[in-house]
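Okay, sequence plus prediction incoming.
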Amino acid sequence: MRMIHAIPLAFSIMLPLLGTGALAQQQPQQQENGTAAERMACTADYQKFCAGVSPGDGRALACLSKQKAKLSPACRAVIDKRS
């Protein structure tokens, strides 16, 4: 009977740990892609100056950084923050 009670207890301990791993995997993705507000601030500038650049591995950020003088003030602030 004790084994039956041990299984739910073990499961209840492991479930939050598994969730933490999934959250940790999302964190780098969000850091690379920026927050929703950061993406919104730079979407028009990205489309205007970097449309031919595939996002990922920092390529979009690098392209926008090269165009910094031409960027909107909101996007320039994002680039300053992330560079």
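Structure received.

Helix or strand for residue 46, just tell me which one.
helix 36-49 (DSSP states H and E).

for that helix, what is the average pLDDT?
On average, the pLDDT along helix 36-49 is 96.

and if you look at stretch 63-77?
Averaging pLDDT along stretch 63-77 yields 97.

Now do the end-to-end distance for that stretch.
By Cα to Cα, to the nearest Å, the extent of stretch 63-77 from end to end equals 15 Å.

okay, now residue 49: neighbour count?
The local packing of residue 49 (other Cβ atoms under 10 Å) involves 18 other residues. C-beta coordinates here come from the backbone N, C-alpha and C atoms, glycine included.

still on that earlier bit, show me what the helix holding residue 46 is packed against.
Under the contact criterion of 3 or more Cβ pairs under 8 Å, 6 or more residues apart in numbering; DSSP states H and E, helix 36-49 touches helix 59-66, helix 73-82.

right, so of those helices, which gets closest to residue 34?
helix 73-82 (6.9 Å; Cβ to Cβ).

quick one, what contacts residue 38?
78, 81, 82 (Cβ atoms under 8 Å, 6 or more residues apart in numbering).

redo that, cut-off 6 Å
With contact taken as Cβ atoms under 6 Å, 6 or more residues apart in numbering, residue 38 is in contact with residue 78.
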